[in-house]
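Peer 1: Sequence and predicted structure are below.
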Protein chains: 2
Amino acid sequence: MSHAPNPLVDDRDVEMILDELLDLRALAALPYFAEHDRETYEMVLEAARTLARDTLYPAYRTLDLDPPRLEGGRVIVHPALRALFAATQELGLASAARPHEVGGAQLPLTITALATAYLMAGNAAVYGYVGLTAGAAHLIEAFGSDALRADYMAKMYAGEWTGTMALTEPQAGSSLADITTLAEPAPGATDGHYLVRGSKIFISAGDHDLGGNIVHMTLARLAGAPAGMKGVSLLCVPKRRVEHGALVDNDVAVTGLVHKIGWRGLPSVLLAYGERGDCHGWLVGEPGQGIRYMFQMMNEARIMVGLNGVATASVAYHESLAYARVRTQGRAATGRDPAAPPIAIIEHADVRRMLLRQKAIVEGGLALLVRCSFYSDLADHAPEAQAAGAQRLLDLLTPIAKSFPAERGFESNVLALQIHGGYGYSSEYLPEAWLRDQKLNSIHEGTTGIQAADLLGRRAVAKGGAALAALGAEIGHACARARAAGVDAAWVAAVERGVGVVGELTPTLAQRGATDPAAMLLHATDYLDLFATVVIAWQWLDLAAVAREALAQPLPRGRAGRDAGYYAAKLAAAQYWIRTELPRIDHLAALCRDGEDSYGALDPTTL
Amino acid sequence: MSHAPNPLVDDRDVEMILDELLDLRALAALPYFAEHDRETYEMVLEAARTLARDTLYPAYRTLDLDPPRLEGGRVIVHPALRALFAATQELGLASAARPHEVGGAQLPLTITALATAYLMAGNAAVYGYVGLTAGAAHLIEAFGSDALRADYMAKMYAGEWTGTMALTEPQAGSSLADITTLAEPAPGATDGHYLVRGSKIFISAGDHDLGGNIVHMTLARLAGAPAGMKGVSLLCVPKRRVEHGALVDNDVAVTGLVHKIGWRGLPSVLLAYGERGDCHGWLVGEPGQGIRYMFQMMNEARIMVGLNGVATASVAYHESLAYARVRTQGRAATGRDPAAPPIAIIEHADVRRMLLRQKAIVEGGLALLVRCSFYSDLADHAPEAQAAGAQRLLDLLTPIAKSFPAERGFESNVLALQIHGGYGYSSEYLPEAWLRDQKLNSIHEGTTGIQAADLLGRRAVAKGGAALAALGAEIGHACARARAAGVDAAWVAAVERGVGVVGELTPTLAQRGATDPAAMLLHATDYLDLFATVVIAWQWLDLAAVAREALAQPLPRGRAGRDAGYYAAKLAAAQYWIRTELPRIDHLAALCRDGEDSYGALDPTTL
């Protein structure tokens, strides 16, 4: 059954987000982005989508079927990866948003995020190497010495070397305070290096044979450091160190390979530092600031995880949509004449339900992720007051941007498989693979439970709820826009009510937390679900406003029909989210408010 | 990290279901079961759980890693399967519930279902051969000629041959009306056989090299039969036919093997009948009754799918529970002293939430499935009035018993993986495999969408809602029992309200269906979700009653502490379901009632 090629991400949506949803003039007005315009944006997007569609996506199953191997202490990746990786690096996305002075192109993240979405949807594992490298190099750029920038960062941004985030240890995953990797000052070292010893696990791209060098941004404890978070420092620990202009083996051994269930082009590795006592590491920034520095990378990484969740749901959505158009089965509920030909399954309402739900998750998620990138651009490059406001919003939304696509995106991937029926249960079709890929996103870079505690325990209540107030104002603008555009007043009111529910609930829980933090956080996951549902409703209200605005204009000649349909489907998805999902918040709020204590009070020994 | 061996299914729960939840005296009083008592039941259960724990479960990953191969037109299964299959067949479960006259043991399904749950939790694929054989043989027993019974059924019940359900064709999955496999009378045949031609797909156990013969219970169309369901007949088409006392190749070719993502010990096969024009099939029962007959098997199969869903969620729940007790990470929200040792993750409320949710799904699901088996026993063997009442309840509950464990069980399996964190994402731990296994259950034997349409479109409204009224009465008894036992009155009231919501909504929708069937079924999936949520709340109310009754008695000396904890955890899960899940029904009912039309009105070409 052949059908249209998978677009991975809908080009029309990307166009609409840039030209109708967001106000790109706010970026164009900033000096940092001065040399770019809509045309250069388009070139970046076009290069990414072409590579993703023509090269990355066709290689997806090949990599999935033949994961990396560990041979003689080295990780051997699929031979096809070398060319895929090189072509992806050539796009220059690792440094595209960085300043000229470090070799970057000063592009908005808003644009690079969209470009990245195509790559992730085409082949998440291949992009993984680039994304990790970007984050690792950015850490050196932000906090490293000039020597580290020269020796390591430059090669990473140039796409010659790759980077990793080396955080997790066998006993320290969610709890980074328990890191035990140790860095002792090397006696008599003239370059200030430390000798590092310890074990890391689940290090993505922690080893490979794609050439170049690998730079592990490593959390470790300096000798004599206090216990807990405060004793954790950030070190740069390369696989091969730069010594007198040459690369020397740095005693970082690969001790194992995790057999992951997805992302199978990207090895997940166990590392041992300093088995021979010769592993050099360089402190990045100040001692004891490792967790704080790493959070810069982790916040970026969380947005990237969210974007990956959206992309992985997007490619599956498009696959199931195309399948539902060509696969025939059964007849309409109203016309059961057995002699009539069967209908395309998209004609069945329940299949449309599964498609529209996917659409609402995918496109609502994409709008949120691009918006977060937009805030990030403002936070990094706008004048101070505007920047501070954007940073506040970004900080608040990050746990949602990370976890919503992971959780609902997974559900969306399940629906894509379900639409494929028995075929979906076979590895001859791709939805099962994307389902496996997606599952990682609720686990890495902070599990959903960690995101929930972070949102409620820190971000929503920080500074007396200032970020929450700012978000309320931001959503208020969207409501005004929607109202002016003629969006159904009941939808606007429902979103406003949602904001009110969050606004009332949060200080109630904060107050509880003053005396009983455990009680405050008991329903943190419900709070996250509630909050995310409102945030996505806001995206859909904004998209509905875009649709109404467009439909009120004379539509471009020759594409009026197509465009009218495009916007009508947006209104359908907005209606779906606001009427089907948003009402769930009342029950979630009640659980949070009442502190329903079934699992709270449960004695774990009785299970 | 070693922990307690996985019990697969909790023995104490099985004991409680039989001795405290259900009234087994109702079965003991029936002549059919006269020779059995609690002691013989226990022997059956003990044999099954021993085999499951000591033999089937340890072989699970072996089979998963090395799926069947197709070689020279024959399916070669894992060599370990021969002994596993033989040992499973030796339990005699394929015929255990059948009458003595066909070689059965006249055991209640209530007991065999529980025994089966252990086997499915231990290794679903291995049990698959037995379950399919039982269903296929039962079809011949119920509708086949004496010759077919003698030639085929007897060997199947005896465990020598296996059986299949050969329904699906490439173009006919959910829509069996579109079956095209053709059976033409063989000119001059003295044994009345037909010559069969056609293709089947997704035939589980459709070929293997475990010895014996394979009997395909096949839906086909007799030459000249009308289009649609009414033209579909049931035929017995063996792989090798009995001819003059010998087995002769019957021209059933294996044309392909589906690469399934789970159940990897059980091949899923593409078959071609009659490529050489020599495939004999024998009509089972009357022409044109194939769908009706097959529904006997399908209703049994749906209960088995539901049981499998529960079992697959159960084994994963126990795995994650054991893991959560031994895996340490982080510190309590109230005590963040970094020098203190980390706590077991079960101490974190959010992990307990994930465990309690799994428990509620697994144990609520198990109670429902055993209850359905109990109704089935009464329906088959009780005096007429009692039998009819039980049959009515069984028919009504079957779509829920099939789909609830598939949908919520999958969610439960996701939570088990999530609790394992990064380790859960690797194939060195088993939760990811159970997740893959579970996904099939929302697809085979009628997708969840099909179950929803069946429940709302047929079963709930049949005979003016007689079954619904009977269910209301049955739940009424449970409410009375709960009230008498001292269960929280608010819980009882909430369940009664739930019954009222279903009771009001159903005729409203039925009325809509009289003029507009599509409008009636628009929210069938929400209706199924709503109905299932109420039905599981009923199970938990009943389990809460059992707990209260037990706690009101002096607990047995020496196990008072353990027992008190056991029942306290039951009350916690009951509270969880009734306070966290049950309130969702109001929103679901509103969607059904209001006919929210986002996907209903959606023009599919605009997507």
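Peer 2: Happy to help now that I have it.
Peer 1: do you know how far the residue sitting furthest away from the middle of chain A is from A:Arg327?
Peer 2: Distance from the C-alpha centroid of chain A peaks at A:Ala339, with 49.1 Å (Cα atoms, centre = their mean). For A:Ala339, the distance to A:Arg327 (Cβ to Cβ, to the nearest Å) stands at 20 Å. For the C-beta atoms, the positions are set from N, CA and C on the backbone; glycine is no exception.
Peer 1: cool, A:Pro7 as well?
Peer 2: 19 Å.
Peer 1: ditto for A:Phe85
Peer 2: Taking Cβ to Cβ, one finds A:Phe85 at 35 Å from A:Arg327.
Peer 1: Of these two, give the one with the bigger neighbour count.
Peer 2: A:Phe85 (24 against 21; other Cβ atoms under 10 Å in any protein chain shown).
Peer 1: Against A:Leu415, how distant is that one?
Peer 2: A:Phe85 is 32 Å from A:Leu415, by Cβ to Cβ.
Peer 1: how about stretch A:394-412: buried residues?
Peer 2: A:394-410, A:412 (16 or more other Cβ atoms under 10 Å in any protein chain shown).
Peer 1: Which ones among those also lie next to chain B?
Peer 2: A:Phe410 (Cβ under 8 Å from any Cβ of the partner chain).
Peer 1: Identify those among the buried residues of stretch A:394-412 that sit within helices.
Peer 2: A:394-410, A:412 (DSSP state H).
Peer 1: Give me the domain ranges for chain A.
Peer 2: With domains defined by automatic domain parsing, chain A comprises A:163-288, A:450-599.
Peer 1: quick one, which of those is nearest to chain B?
Peer 2: domain A:163-288 (2.6 Å; Cβ to the nearest Cβ).
Peer 1: Are the closest one and chain B in contact anywhere?
Peer 2: Yes: using Cβ under 8 Å from any Cβ, domain A:163-288 comes into contact with chain B via A:168, A:171-175, A:177-178, A:201-202, A:226-231, A:258-262, A:268.
Peer 1: How far away from the center of its chain is that domain?
Peer 2: 24 Å (Cα atoms, centre = their mean, to the nearest Å).
Peer 1: helix/strand/coil for A:Glu20?
Peer 2: helix (DSSP: H, G, I helix; E, B strand; the rest coil).
Peer 1: Not counting its neighbours along the chain, what's nearest it?
Peer 2: A:Val546 (4.6 Å; Cβ to Cβ, 6 or more residues apart in numbering or on different chains).
Peer 1: For the strand or helix carrying that neighbour, buried residues please.
Peer 2: Element membership for A:Val546 (DSSP states H and E) is helix A:524-552. Using 16+ other Cβ under 10 Å as the test for burial, helix A:524-552 gives A:524-551.
Peer 1: neighbouring contacts of the helix or strand just after that helix?
Peer 2: Going down the chain from helix A:524-552, the next helix or strand is helix A:560-576, by DSSP H and E. Contact partners of helix A:560-576, identified using Cβ atoms under 8 Å, 6 or more residues apart in numbering or on different chains, comprise A:12, A:356-357, A:359-360, A:363-364, A:487-488, A:491, A:540-541, A:543-544, A:546-548, A:550-551, A:555-556, B:596, B:598-599, B:601-603, B:605-607.
Peer 1: Now the residue in the stretch 251-400 of chain A positioned nearest to chain B: closest residue in space, sequence neighbours ignored.
Peer 2: Ranking the residues of the stretch 251-400 of chain A by distance to chain B (Cβ to the nearest Cβ) places A:Pro338 first, at 2.6 Å. Once flanking residues are discounted, A:Pro338 sits nearest to B:Gly228: 2.6 Å by Cβ to Cβ, 6+ apart.
Peer 1: Can you give me the neighbour number for the nearest residue in space to A:Ala550 that is not next to it in sequence?
Peer 2: Distances taken as Cβ to Cβ, 6+ apart place A:Tyr567 nearest to A:Ala550, at 5.2 Å, with adjacent residues excluded. Neighbours of A:Tyr567 under the rule other Cβ under 10 Å: 22.
Peer 1: Distance-wise, check A:Tyr567 relative to A:Arg483.
Peer 2: A:Tyr567 is 18 Å from A:Arg483, by Cβ to Cβ.
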